[in-house]
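Chemist: Fold the following.
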Amino acid sequence: MTYNVDFELCSAIFLVILAFISWTKRRLIGYQSSVFRMFLFLALANNVLDVITTYCIPYYNTMPAWISWGLNGLYLASQMCIPVFFVMYIYRKLTNVTPVEKRLISACLLPATIGALLALTSPLHHLIFYIDEAGYHHGSVHIYLYTNFVFYVIMAIYLSIRWRRQMERNEFPLLFPMIVVAIIPVVVQFFIPTVMLSGVGAALSVYIMYFVSENQVSLVDAVTGVLNRQAMVISLGNDLGEDDKTQIYAIAPDNFKLVNEMYGLEGGNAVLCQITHSMQQEFGEKKVFRFGGDTFVILVETQDDHDVKNRIYNLIGQDFHVGEAVVHLSACVALVHAANHAEGELVSAIEYAIAEAKARGKGQFFEVEEKAAGQMARKKAIEQTMMQNIREGHFEVHYQLIYDIRKDGFYSMEALARLNVPDYGYVSPEEFIKIAEKNGSITQLGMIVLEECCRFIKEVDLRDLGIDFIEVNLSMVQCMQPDIHRDVLRIMQRYEVPTHMINFEVTESVAASSEELLIRNMERFTEQRIHLSLDDYGSGYSNINYLVDLPFSIVKIDKYVVWAAMKNETSRIILENTIRTFKGIGLRVVAEGVEDQAMVDMIVGMGADYIQGFFYAKPVPKDKIVERLKQEMTMKEI
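Modeler: Numbers count the residues shown, from 1 in each chain. Next comes the predicted model:
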């Protein structure tokens, strides 16, 4: 039987040329993924072995057995491993993969490993192939080569679809052609064994892989010409190790938007190009990256942090030019030690460092010390737990009863979201609410809390227990939604909850910063008999003007104002007059943070309507609230 290997020979030559091109583009060689380089090497080795073994077939009877068996064993073993790289290539692109999913993907290496071992040990069992006086023959399980290939193709397609949103915009559509050009030659070879084409498919797949995500265009920022964030991630991923000495410096010019406003986008881009050009001259072309916007990253290996910091500040402090105008800049600089963070955490660490540096003011320097990794891990755990709760459509809600002074009993309760994070326990709402506002999930969280409250109202007749309504917090982001009233009514109608059973609390900062939109939304709420409270009065602007303009019915005085009134006479007089003013314009007043009898006596004497605080009730789950209210009802009957 005569085998045609001309296509395999051409493919091997093509891969040699591609490897040479990749090597000569030294701007890129450090940023090509290890999977791509291994795939290129393995495909080339497979093609070369295919050509050699096929040309040697007529001489098997005359050459030493260990050579003929060894060549075929190595060839078939490498062929077994090639499709693994479809899966591994996609896997390297993924983030936020759970430990279970990582173990499942790792388990995919097993079929190829078994096949490679069977190929290498075929002289012992003849299962994959064997050689006798008549020449080369397929073994009884030679079909395993093809089933192995099919398995990895299916896995690659599954991973591509499962995590398609994590792929680059131009990458996902081209993954399928990469798989197709690998499948067709294998199918042809299966039906026409004399035409050797498996190497052709591997070669074409390698080229598409190179074209899609390892080429120069995909790694270079279009505006400045420096390497982009993707290139930085690849570079750090290739070089990162336990002994890695790489220092990551993030540079964020202060108030760069002013440059864009003064000189236009074209002028701003010109300044960015000058900055990056200076950085490349100072630190080298392959060490400078545009992280995003006006933020840049420099990778250095020196341990002299003081020297690098001074060089960066001197660089930013030089004159930049837009036409004849001279632009002077300052910048915040942040330092991240690569060795202190796992590969998947580095981007988050850089973002955290930049935010901390900016929070400290113009021209500030911030170093992410090793202990900050613990803070980042905590934040990540909080975010993951919170997002899991949101995906599941359930959030733990506790309720704090509010005491009616004239009624001498509880009349309402406030719904408070709670988050129990594994290894950290319950975390403060102030902590996870800020994260939710930053990542955009606060609206979903707020709607889930409202739904939990409506479900509670439907399950339990709170009016029979003396409760008139539940207070639910509205965040700044929710108040900025033009259709918030429709979303709210949709949930309330689903659970058949009367609109007067829900009272929304709006913080003072929201009332002061979004008055026009808030008025519009509040008017829509009041039309549906949904009342609103002003929460945390005294914690921010303390401007009484918006209390006149906005249709609040209740004002809740912040606990710190109440506590301050217990400590000094001036604060006491201010609080007393504040309560009197609110009462004078027809508002009901709730005093928050009341913790002992002395505070109760003070608030009652000042004429407040309601009291909220640990003295009367702590936030507890709904079953305990119902139990407490039933006890209160029993005590009153006695």
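
Chemist: buried residues in stretch 113-129?
Modeler: Residues Gly115, Ala116, Leu118, Ala119, Leu120, Ser122, Pro123, His126, Ile128, Phe129 are the ones in stretch 113-129 that count as buried (16 or more other C-beta atoms under 10 Å). All C-beta atoms are positioned from the backbone trio N, CA, C, and that covers glycine.

Chemist: Can you get me the start-to-end distance on that stretch?
Modeler: End-to-end distance for stretch 113-129: 17 Å, by C-alpha to C-alpha, to the nearest Å.

Chemist: again with stretch 279-289
Modeler: OK, stretch 279-289 end separation, C-alpha to C-alpha: 9 Å.

Chemist: Going by neighbour count, list what's buried in it.
Modeler: Met279, Gln280, Phe283, Lys286, Lys287, Val288, Phe289.

Chemist: Farthest-apart pair in the residues you listed, please.
Modeler: Met279 and Lys286 (11.7 Å; C-beta to C-beta).

Chemist: Please save the CA atoms from stretch 334-349 in CSV.
Modeler: Only the C-alpha atoms of stretch 334-349 are listed here, as CSV (Å, rounded to 0.1, in the frame of the first residue of the first chain):
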residue,chain,number,x,y,z
ALA,A,334,0.5,52.4,42.4
LEU,A,335,2.8,49.4,42.9
VAL,A,336,1.7,45.8,42.9
HIS,A,337,4.1,42.9,43.6
ALA,A,338,3.3,40.1,41.2
ALA,A,339,4.5,37.4,43.5
ASN,A,340,1.9,38.3,46.1
HIS,A,341,-1.0,37.5,43.9
ALA,A,342,-2.4,34.6,41.9
GLU,A,343,-2.5,35.0,38.1
GLY,A,344,-6.2,35.5,38.0
GLU,A,345,-6.1,38.2,40.7
LEU,A,346,-3.5,40.5,39.2
VAL,A,347,-5.9,42.6,37.1
SER,A,348,-8.1,43.1,40.2
ALA,A,349,-5.1,43.9,42.3
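
Chemist: Am I right that Pro551 is in a helix?
Modeler: No. Assessed with DSSP: H, G, I helix; E, B strand; the rest coil, Pro551 is coil; it does not lie in a helix.

Chemist: wait, it sits on Leu534?
Modeler: No. Counting by C-beta atoms under 8 Å, Pro551 does not reach Leu534; the two are 10.4 Å apart.

Chemist: If you count surrounding residues, which of these two has more?
Modeler: Taking other C-beta atoms under 10 Å, Pro551 and Leu534 do not tie; Leu534 has more neighbours (23 against 12).

Chemist: How is that one assigned, secondary-structure-wise?
Modeler: On the basis of three-state DSSP, Leu534 is classed as strand.

Chemist: which stretches of the stretch 401-550 of the chain aren't confidently modelled?
Modeler: 508-515, 539-549 (pLDDT under 70).

Chemist: Which parts of the stretch 351-500 of the chain are strands?
Modeler: Along the stretch 351-500 of the chain, the segments classed as strands by DSSP state E, counting those that start in this stretch run 365-368, 396-404, 409-421, 425-427, 469-474.

Chemist: Pick the most deeply packed of these.
Modeler: Of the strands of the stretch 351-500 of the chain, the one with the most neighbours on average (mean count of other C-beta atoms under 10 Å) is strand 469-474, at a mean of 22.

Chemist: how far is it from where the chain is centred?
Modeler: 30 Å (C-alpha atoms, centre = their mean, to the nearest Å).

Chemist: and if you look at stretch 255-274?
Modeler: With C-alpha atoms, centre = their mean, you get 29 Å for stretch 255-274.

Chemist: after the one helix or strand in the chain whose mean pLDDT sits lowest comes which helix or strand?
Modeler: One helix or strand of the chain scores below all others by mean pLDDT, DSSP states H and E: helix 26-29, with a mean of 42. Moving toward the C-terminus from helix 26-29, the next helix or strand (DSSP states H and E) is helix 34-56.

Chemist: Check which helices and strands that next one is in contact with.
Modeler: helix 6-24, helix 65-81, helix 84-91, helix 198-213 (3 or more C-beta pairs under 8 Å, 6 or more residues apart in numbering; DSSP states H and E).

Chemist: Report the buried residues of it.
Modeler: Within helix 34-56, judged by 16+ other C-beta under 10 Å, the buried ones are 35-36, 39-40, 42-51, 53-54, 56.

Chemist: Check stretch 260-279 too.
Modeler: 260, 263, 267-272, 274-276, 278-279.
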